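Student: no sequence for this one, just the structure:
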């Protein structure tokens, strides 16, 4: 079965992806590949992955999000995860997945300002 | 008591079906939103183990009652390779291949009761329960 593609929007030099569906493993992996390719193609300095609509993040998705942040970081792009629901934050910590190296923000608006600060600090992001 | 519900795990799509089934039953039984997330997440972890390590298996949810307290029971069964050393996989951070090694201890923390039986070459059966507060 063909996996569902998650749309990735570009605004200026930032990419925004909002995950709205109950992800199965194959579409989550497809999203990782699509996002990294889009970072490469657009030279985006920063990425926001908004998880507001997700009512469940298990260890597979949690680890994938951490992997995406690390991989994008290697490419010189910063990732901010936004909108984790209380139940998702609780279950992630109880699972033992605290994602210490992932930058998070309460919502999309705060995520954008975090990202602007991060990308301003790192110059043009190409360094 | 409602009818038990089962999902057969054969692909990663079935993991989503199983956890949605568990969440729906938990909601029907009156669990809080956070407990619904705990139950669905535990089922997601165990259903993924079935998919990754056994290939196929089943997840069954049913309503249970003990001392007047209502709860949900989830049975995850497979006829896969079995787990040679249960103590080892119940340690946090232990990992075999694609799992994080936190599937089992993580699922245990999310639930109230957790029991596991496994025999090499025969299969694995894990029973989870959560009681309504």
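Tutor: Great, that's in hand. Just so it is clear, the structure is predicted and the values come from calculations on it, not from any experiment.
Student: so what's residue B:122 closest to, chain neighbours aside?
Tutor: Once flanking residues are discounted, residue B:122 sits nearest to residue B:82: 5.7 Å by CB to CB, 6 or more residues apart in numbering or on different chains. All C-beta spots, glycine's among them, are computed from the backbone N, C-alpha and C.
Student: ok, residues contacting the strand or helix carrying residue B:108?
Tutor: For residue B:108, the host element (DSSP states H and E) is helix B:103-110. In this structure, residues lying in contact with helix B:103-110 by CB atoms under 8 Å, 6 or more residues apart in numbering or on different chains are A:59, A:91, A:94-97, B:38-39, B:41-42, B:45-46, B:48-49, B:89-92, B:114, B:116, B:126, B:128.
Student: in space, what's closest to residue B:63 - neighbours in sequence excluded?
Tutor: Nearest to residue B:63 is residue B:1, by CB to CB, 6+ apart, at 5.0 Å.
Student: my guess is the residue nearest to residue B:122 meets residue B:116, correct?
Tutor: No: Residue B:82 is beyond contact range of residue B:116, at 10.8 Å (criterion: CB atoms under 8 Å).
Student: got any residues that touch both of these two?
Tutor: With CB under 8 Å, 6+ apart as the test, residue B:82 and residue B:116 both reach residue B:124.
Student: who are the contact partners of the residue nearest to residue B:63?
Tutor: Applying CB under 8 Å, 6+ apart to residue B:1 gives the contacts B:62-63, B:65.
Student: before we move on, the earlier item: among the contacts of helix B:103-110, which are located in strands?
Tutor: B:114, B:116, B:126, B:128 (DSSP state E).
Student: nearest spatial neighbour of the second one, chain-adjacent residues omitted?
Tutor: In space, residue B:116 comes closest to residue B:126 once its chain neighbours are excluded; the distance is 4.9 Å by CB to CB, 6+ apart.
Student: count the residues that sit near that neighbour.
Tutor: Neighbour count of residue B:126, defined by other CB atoms under 10 Å in any protein chain shown: 24.
Student: could you measure from it over to residue B:82?
Tutor: 12 Å (CB to CB, to the nearest Å).
Student: give me every residue in chain A that's in contact range of chain B.
Tutor: Within chain A, the positions adjacent to chain B are A:1, A:22-26, A:55-60, A:63, A:85-88, A:90-91, A:94-97 by CB under 8 Å from any CB of the partner chain.
Student: I'd say residue A:70 and residue A:101 touch.
Tutor: Yes: Residue A:70 lies in contact with residue A:101 (CB under 8 Å); the separation is 7.0 Å.
Student: quick check: neighbours shared by the two?
Tutor: With CB under 8 Å, 6+ apart as the test, residue A:70 and residue A:101 reach no residue in common.
Student: more neighbours: those two, which one.
Tutor: residue A:70 (12 against 9).
Student: tell me which other helices or strands the helix or strand where the more buried one lies touches.
Tutor: Using DSSP H and E, the element containing residue A:70 is helix A:59-74. On a contact count with 3 or more CB pairs under 8 Å, 6 or more residues apart in numbering or on different chains; DSSP states H and E, helix A:59-74 meets helix A:25-42, strand A:46-50, strand A:78-82, helix A:86-95, helix B:33-49.
Student: what are the buried residues along it?
Tutor: In terms of neighbour count (16 or more other CB atoms under 10 Å in any protein chain shown), helix A:59-74 has its buried residues at A:59-66, A:68-69, A:72.
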